[in-house]
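**Student:** A structural model of the following input is requested.
(2 chains)
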Amino acid sequence: MAWHVLPRMDTSNILANHAEVAEVQTKVSDWGWLPALSVFAACGLLFIALADAASLRASSLAEPLFYAGLLIVLMPIAARLIAIQPSRRERIGLVVVLGMVLYLVKVLHSPFGFTFADEFVHWHNVNQILQTHRLFEWNTILPVTPYYPGLEELTSALASLSGLSVFYAGLLVIGVARLIMFLSLFLLVELVSRSARVAGVASLLFMCYPFFLFFSAQFSYESLSLPLVLAILFIVARREQAANPAIKTPFTLLGLLVISATVVTHHLSVYFLAAFLVLWTVVARWHFSDYLTRLVMWSQTSLTRFRAWLVKRHIWKAWLTRAVRWMPQWICTWREADDPGDPSVNHGPVDLSAFTIVVAVLWLLLVANLTIGYLRPVILSAVVSVLRLIAREQTSRTLFVTASGHVPPLWERVDEIGSVVLIGLVTPFGLVQAFRQRRSHPLVLTLAILAMAYFILLGFRLTPASWETAARGTSYAFIGLSFILALGFVHVLVPQRVTTPGRILFSVYVAVVFVGGFLSGWQPNIRLAQPYKIVIQNQTFIPQSYAVAEWTRAVLGPGNGFASDFANGGPLLAIGGQKVAAVNDPTANNLVQIVEFGPEQVNIIREQHIRYILMDRRVISRDGMAGRYFDRTAGQAVPTVAILEPALVEKYDQVPMVNRILDSGYIVIYDMEAYIHAPPSS
Amino acid sequence: MPRPVRKVFVSAIIIFVVTLVVFAAVSWPTARVFGALMLVFLLPGWVVVMALMPRTTLGIPQRILLSIVTSVTLVILGGLVLNLTPWGLQPGSWVVLLTGITLIAGVVAWLRMRNSEMAWHFPHVGLGIRQVMLFVLALGITGIALRVALTPPSLHGEQGYTILWMLTPDPKTPNTLQLGVDNREFSEMTYNVIVLAAGRTIQEWPSIRLMPDSQWETVVELTPGSVKSGDRLEADLYKADAPGIVYRHVSLLFIPK
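**Tutor:** Numbers count the residues shown, from 1 in each chain, chains lettered A, B, ... in the order given. Model prediction:
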């Protein structure tokens, strides 16, 4: 393997004068394979649409069609991006086409309305803004979300100006956010690596993180904040590169504005941003590259002395000679090939780091102080569970078994493991190249450190309490990991012209990692479209949870206190406009999941003003993602759904003075008015 | 020469004004959507970036990215400002805010570019007929995919349902009940509904025929002799083809207010 000096920027022009611009534009006018590969991607999307249609018909062809479609979308573009021929324009086009087609996969999954759990929460917030024309209203399922109204402001503005429904406005907002994500990441990596090829491959590999396809594409505040974070990183990197104040000042102003907008959009994203900017500053200012160079020199010297000692002691053997001889030379090549880089980028964004921290803290303390109570138990339980696992005080969760007890088929388990192994195999090559390029830009080392967080987060996935925290954190770690993997591929593994078998191999690599990430990040029973809108003879039918939610708004009026399970909580909030405590709330847990009804429950009803309780007799109602769809009879007289124990679902029928006001088969609503005004009981 | 720059800038302003007029007409939904998209995602940010960097040559991807990000940012931060005003976040206030930012930034950009000697060249697109046809084909196939997805499925083993509901007496009309049935069973249904008070039948509807996705509501008058305070009122719904099985059941305690 040969080590290569970092190539100069191929076609990107940021401060170019007019002549250079004209020359470059002539060179980059080639669209290459983009038009043809766009057709391929569209065909893959059609396969996925057919897969979703097959899923709605409970056809066994659904899954094969779906994965075939994904591979048709992904693999040809991957094979093209690893090649050295594509122009910068073509690479950007391929990244954008791929990213937007993969976003449309989520749109095809739920084309008629919001179906994911978090989407109902933000849908309700938008409804509140449209009705009251004010921010910071209430939300009983996720009370912290109204205090990060960035997504809702954007959606309500678009909906009210365009006349579109909240659903379609939300789809457009997230689509634009995705465009921001892909462009930002490409331009950021290109700026740091000075290679459009690395940027294209990194953007491709970034799409392989587990939550990319569905979770990060849903109508939720993190789906907007992560792209904004990437945009900020690009703006800051661009600013750091500029020596001319005429360029530096505008980018500083833009950075301040976008950071402020991100603070208002999502909590964890801005905390990550602050930590990353601080790390970047530390890496830049403390000359980590110099320390690493000294470490390299010390290693070389030590190895040489160790070899001399072995020779003196007559321990030196021929095989030792072969094993050790190349090491000092190898280390020497790192030093010799080291690129001095641009000294102007070595100061670090200390001002923007400080600004981010100050604004985030001010927002947290003055406006969104609910965030502390919201995040603390989540993060603490994640950390504590991992510590207990390390101390062997608890066992790890059973891998590859979902909460409902489903065990995936062998090929899925192999792919999930394989994706992690493949990432682990290429990462060292990327890290070595990052080490060699450490002086070219402080972000190189910073992103390398971030990439290592991926492997730490893998450990967090071993406990149930920390699994989701780790999975969400992986999306941020992938910012660095995708860069490192791209470096490994472009500068080490396939630096020269790539043969056809090499391109196929790379596209297979990407497919395994992408599908493995997708399988580990999305529960199996909702990977394909599920029925939540049926049309028979021009009449539209919706599932029970949606219909009951509509009934509560129309008949009971909005704003009533409800306790409900997870699946029905979202529709009650967003469609019914009710103040609902869903099953992740201790209130609802006590009323909906426990068989007993005693003084404790009465006190909860009175203190929380729970006027109505919704009981759904299906086991799947506990699943916030899969519990809202139509149930299927599979040809039988009754649906093949699991039912909860009668003692639980019928408990309020035995409680005196409770009114059973609605019965839809699975769902029953009880009126607890008599207990709201009951005296406190001990 | 600054003229090419001014031409582009003037063109942008004209496009913006035309967009605004069409949007303001609100009689053509597509134009309204287009205008809203431009106003929320592109125009304010584009002009602000021009005002901030009048003499900087940005590549097209950078300019598009910065324009969109800046527009998004202005909407988010602008919404916080609107929230402090008496009008709040309404269509009119959004239009005033976003067009105001665009016009002010446009004037600033004009003034800063007035003495600029920098020429601006329209980017060379370089698309041949074959490439355009391929892009059109890709868009067409994507449209077909969306059409497939947006075709609502018909019945494939899903289960319909019936909703029965009963509400407590309204304080304004204490001796009445509201009773309702909602047929979501995918086919026409015939129901039998019985209302009981303390186990005694007080009213019955033996044949309620409902088409799919249709409702039946009634108000039950409670005569003093038929029900007294503390009685449990019940409503049972039976399907006509299964008269012996209670299909849906609701009940409430009669306590007149």
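
**Student:** hmm, who's touching stretch B:127-145?
**Tutor:** By Cβ atoms under 8 Å, 6 or more residues apart in numbering or on different chains, the residues outside stretch B:127-145 that reach it are A:31, A:34-36, A:38-39, A:41-43, A:45-46, A:48-49, A:101, A:104, A:108. In this view, the C-beta of every residue, glycine as well, is placed from N, C-alpha and C.

**Student:** if we use 7 Å, what do you get?
**Tutor:** Stretch B:127-145 has contacts (Cβ atoms under 7 Å, 6 or more residues apart in numbering or on different chains) with A:31, A:35, A:36, A:38, A:39, A:42, A:43, A:45, A:46, A:49, A:108.

**Student:** now it: buried residues?
**Tutor:** By 16 or more other Cβ atoms under 10 Å in any protein chain shown, the buried positions in stretch B:127-145 come out as B:131, B:134, B:135, B:137, B:138, B:141, B:142, B:145.

**Student:** apart from its chain neighbours, what residue comes closest to the fifth one?
**Tutor:** Nearest in space to residue B:138, with sequence neighbours left out and distances taken as Cβ to Cβ, 6 or more residues apart in numbering or on different chains, is residue A:38 at 3.9 Å.

**Student:** show me what contacts that neighbour?
**Tutor:** By Cβ under 7 Å, 6+ apart, the contact set of residue A:38 is A:97, B:134, B:135, B:138.

**Student:** of those residues, which is the nearest to residue A:609?
**Tutor:** Nearest to residue A:609 among those: residue A:97, at 51.4 Å, using Cβ to Cβ.

**Student:** give me the number of residues near that closest one?
**Tutor:** 22 (other Cβ atoms under 10 Å in any protein chain shown).

**Student:** could you give the bridge partners of residue B:248?
**Tutor:** Beta-bridge partners for residue B:248, by DSSP bridges, are residue B:237.

**Student:** my guess is residue A:659 meets residue A:672, correct?
**Tutor:** No: counting by Cβ atoms under 7 Å, residue A:659 stays clear of residue A:672, with 8.2 Å between them.

**Student:** right, and residue A:371 touches residue A:364 too?
**Tutor:** Yes: taking contacts as Cβ under 7 Å, residue A:371 lies within contact range of residue A:364: 5.7 Å.

**Student:** could you point out the longest strand in chain B?
**Tutor:** strand B:200-210 (DSSP state E).

**Student:** list the buried ones in that one?
**Tutor:** Buried positions in strand B:200-210, judged by neighbour count with 16+ other Cβ under 10 Å: B:202, B:203, B:208, B:210.

**Student:** output the residues you listed as JSON lines; include the columns pLDDT and distance to residue B:126.
**Tutor:** As requested, those are exported to JSON lines (pLDDT from 0 to 100; distance: Cβ to Cβ, whole Å):
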{"residue": "B:202", "pLDDT": "92", "distance to residue B:126": "82"}
{"residue": "B:203", "pLDDT": "92", "distance to residue B:126": "79"}
{"residue": "B:208", "pLDDT": "95", "distance to residue B:126": "69"}
{"residue": "B:210", "pLDDT": "96", "distance to residue B:126": "63"}
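
**Student:** circling back: look at the residue nearest to residue B:138 and tell me its secondary structure.
**Tutor:** helix (DSSP: H, G, I helix; E, B strand; the rest coil).

**Student:** before we move on, back to that, which one of the contacts of stretch B:127-145 is nearest to residue A:249?
**Tutor:** The closest of these, once distances to residue A:249 are taken by Cβ to Cβ, is residue A:31, at 35.5 Å.

**Student:** the closest one falls within a strand, correct?
**Tutor:** No: looking at residue A:31 with three-state DSSP, it is coil, so not inside a strand.

**Student:** you'd agree it is up against residue A:92?
**Tutor:** No: Residue A:31 is beyond contact range of residue A:92, at 10.6 Å (criterion: Cβ under 7 Å).

**Student:** need phi/psi at the residue nearest the centre of chain B.
**Tutor:** Of all residues in chain B, the one closest to the mean position by Cα atoms, centre = their mean is residue B:33, 12.8 Å from it. Torsion angles at residue B:33 (phi, psi; degrees, to the nearest 10) stand at phi -60, psi -40.

**Student:** which residues touch the residue lying closest to it once chain neighbours are set aside?
**Tutor:** Using Cβ to Cβ, 6+ apart and skipping residues adjacent in sequence, the residue nearest residue B:33 is residue A:162, 4.5 Å away. Neighbouring residues of residue A:162 by Cβ under 7 Å, 6+ apart: A:169, B:32, B:33, B:36.

**Student:** alright, that wraps it up for me.
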